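Chemist: Fold the following and give me the result.
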Amino acid sequence: MLSNKVSLMLLLGAGVVLSGCSRQVSYQEEVLPILRTSCFSCHVAGEGAQNAGLILNSYSSMMAGTKMGPVVVPGSAASSTLYLVISHNVDPKIQMPPHHDDKMAQGQGEPLSMEQIDTIKLWIDQGAKNN
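Modeler: Residues are numbered from 1 along each chain as shown. Okay, the predicted model is just below:
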């Protein structure tokens, strides 16, 4: 039988290994390119952003949110409007990017891939850092 010290060391070592499994998502290298490709056509200063008041082409603008409040709650994707609207957890009329039949006919928007949604979710849950 293992001694208590050896058992404790194995347990602590396993915790270090498991905590190292979650990769750190980079805003600059992973999140910003998704936003640039899928969101900037409507959510940059001077474009369609006047409707929603959300500008996504800079970290500070995105974190400022809209006149109704923040769209990103660092540490909680489940509380972040940005995540909710891209992950199809809201009424289809307000899902983003707009990809309903009428929008598709106008050449607007494709839904984000599950990988893209998961990347943004993980980034928010990790604290939505400007890294």
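Chemist: Would you quantify the distance from Ile34 to Met68?
Modeler: Computed as Cβ to Cβ, to the nearest Å, the Ile34 to Met68 distance reads 23 Å. C-beta here means a position set from N, CA and C on the backbone, and glycine is covered the same way.
Chemist: Those two: who's more crowded?
Modeler: Taking neighbours as other Cβ atoms under 10 Å, Ile34 and Met68 compare with Ile34 leading, 18 against 10.
Chemist: ok but that one is inside a helix, no?
Modeler: Yes: the assignment for Ile34 by DSSP: H, G, I helix; E, B strand; the rest coil puts it in a helix.
Chemist: dump the residue contacts of it.
Modeler: Leu112, Gln116, Thr119, Ile120 (Cβ atoms under 8 Å, 6 or more residues apart in numbering).
Chemist: repeat for His88
Modeler: When contacts are counted by Cβ under 8 Å, 6+ apart, His88 touches Gln95, Pro111.
Chemist: Least confident secondary structure element in the chain?
Modeler: One helix or strand of the chain scores below all others by mean pLDDT, DSSP states H and E: helix 4-19, with a mean of 46.
Chemist: Name the spans of this structure whose pLDDT lies under the cut-off.
Modeler: 1-21, 47-52, 99-109 (pLDDT under 70).
Chemist: if I pick the nearest residue to Val44 once chain neighbours are set aside, what's in contact with it?
Modeler: The shortest distance from Val44 to any residue other than its chain neighbours is 4.4 Å, reached at Asn57 (Cβ to Cβ, 6 or more residues apart in numbering). Residues in contact with Asn57, defined by Cβ under 8 Å, 6+ apart, are Leu35, Arg36, Phe40, His43, Val44, Ala45.
Chemist: again, but for Gln95
Modeler: Val85, Ile86, His88, Pro111.
Chemist: Assign a three-state SS to the last one, would you?
Modeler: Yep, that's Pro111 we're talking about. The three-state assignment at Pro111 reads coil, by three-state DSSP.
Chemist: Hmm, it is touching Ser87, no?
Modeler: No: between Pro111 and Ser87 there is no contact under Cβ atoms under 8 Å: 9.7 Å.
Chemist: and Ile94, what are its phi and psi?
Modeler: Note on Ile94: its backbone torsions stand at phi -120, psi 10 [degrees, to the nearest 10].
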